[in-house]
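Undergrad: following is a predicted model, sequence given first.
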Amino acid sequence: MLELYLLLAVMLASALVASETKNLLAAAVALGLVGFSVAIMFILVQAPDLAIVQIVVETLTVVIFTAVILRTTEVDTTVLGSGLKMETAMFVAAFLAFGGLFLALIVGVLRELPRFGEPVMRVAQEYVQLGLERTGAANIVAAIILDFRGYDTLGEATVLFTAVVGVLTVLRLAARKKPGEF
Amino acid sequence: MKGMSLIVQVITRLMAGILLLYGGYITLHGHLTPGGGFAGGVLIAAALILVSLAFGSVEQVERREYILSSIFESSGGVLFIGLALAGYVVVDSFFRNAGLYYLGQPLQLVSGGIIPLANIAIMLKVGAGLFAIFLALGASRFVMRE
């Protein structure tokens, strides 16, 4: 339990740094730290699959953020030089530290997973056996996504709604930028 | 947007109705056969996009289509949340099915309680949402210039 609270403190601190710092790159790195802490949290609560997904998503997000920041901001070339080498060394050290921690933790969790081909069906068994009786739907997939797991489907619908709103917002901004153009 | 050639327009006239019908069928039979609101909504959006690509349209029509699809998308979302909330208000829990909605005989069209209703709501949401994205991408110059 203590590890979780420590991770939570790290996440809170990095979130504060990300929102307060003036350096955009530092903000992106701090956001990445929050995401990677979530990944380690997933391992601690025995969810290695979620942890791997979280790492992939978080790495992509940090790479995209960094690429956008480097493309859209000017680099001050006068401070480049020895500082850059220091930063590279720090990034490599942070990467090694995180990777080592991740591998050390995930070995123990992966050992406790059920063997391949012998799934533990504590929840799913009930869905399969009682699906027709509880919901009256012959299609077990529909019974699961709209009845047993309806809340998840609501989340999916929210994701779609957010995507539509995002596309429309971005295009509206693009359209407003050139008012004279038809 | 400009329309396309006569051949495309004739084939579209034949296909569009069948596509819409098939989208409705996939949605309404979502609790009986594979498919459901997402697949049906995508089919309906595809039919609308096909018509609007083949026959073309003008600014006023696109603006009206855009407003209409926004309304349909929002009402689909409200309907879905409303169906879920009704369980909380009337009985006891969010997404309540048995005890509130009519479960009916299995394998009949009217069965499954909340599931076909939620499929219809998702169909509205997905169909109108995808069509709105298409309008915004294909006709942003017309729609957004207010």
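TA: Everything's here; your move.
Undergrad: the lengthiest helix in chain A packs against which elements?
TA: Longest helix of chain A, by residue count under DSSP state H: helix A:82-112. Judged by 3 or more C-beta pairs under 8 Å, 6 or more residues apart in numbering or on different chains; DSSP states H and E, helix A:82-112 is in contact with helix A:24-44, helix A:48-72. C-beta coordinates here come from the backbone N, C-alpha and C atoms, glycine included.
Undergrad: just want the angle from the longest one to helix A:24-44.
TA: Angular relation of helix A:48-72 and helix A:24-44 on a 0 to 180 degree scale: 180 degrees, by axes from the mean of the first three to the mean of the last three C-alpha atoms, to 10 degrees.
Undergrad: wait, A:Phe102 sits on A:Ile55?
TA: Yes. Assessed by C-beta atoms under 8 Å, A:Phe102 is found in contact with A:Ile55 at 7.4 Å.
Undergrad: need the residues touching each of these two.
TA: Common neighbours of A:Phe102 and A:Ile55, counting by C-beta atoms under 8 Å, 6 or more residues apart in numbering or on different chains, are A:Ala39.
Undergrad: can you tell me the SS state at B:Gln108?
TA: coil (DSSP: H, G, I helix; E, B strand; the rest coil).
Undergrad: now it. Its backbone dihedrals?
TA: When read as degrees, to the nearest 10, the backbone of B:Gln108 gives phi -90, psi 160.
Undergrad: tally of neighbours for it?
TA: Using other C-beta atoms under 10 Å in any protein chain shown, the number of residues around B:Gln108 comes to 12.
Undergrad: check B:Asn119 too.
TA: Residues within reach of B:Asn119, counting by other C-beta under 10 Å, total 28.
Undergrad: is it in contact with B:His31, as I believe?
TA: Yes. B:Asn119 is in contact with B:His31 according to C-beta under 8 Å; the separation is 7.0 Å.
Undergrad: quick one: common contacting residues for the two?
TA: With C-beta under 8 Å, 6+ apart, B:Asn119 and B:His31 have common neighbours A:142, A:146.
Undergrad: what would the helices and strands packed on helix A:82-112 look like in JSON lines with mean pLDDT, distance to B:Tyr102 and mean neighbour count?
TA: Output for those, formatted as JSON lines (pLDDT from 0 to 100; distance: least, C-beta to C-beta, whole Å; neighbours: other C-beta atoms under 10 Å in any protein chain shown):
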{"stretch": "helix A:24-44", "mean pLDDT": "88", "distance to B:Tyr102": "41", "mean neighbour count": "19"}
{"stretch": "helix A:48-72", "mean pLDDT": "90", "distance to B:Tyr102": "37", "mean neighbour count": "14"}
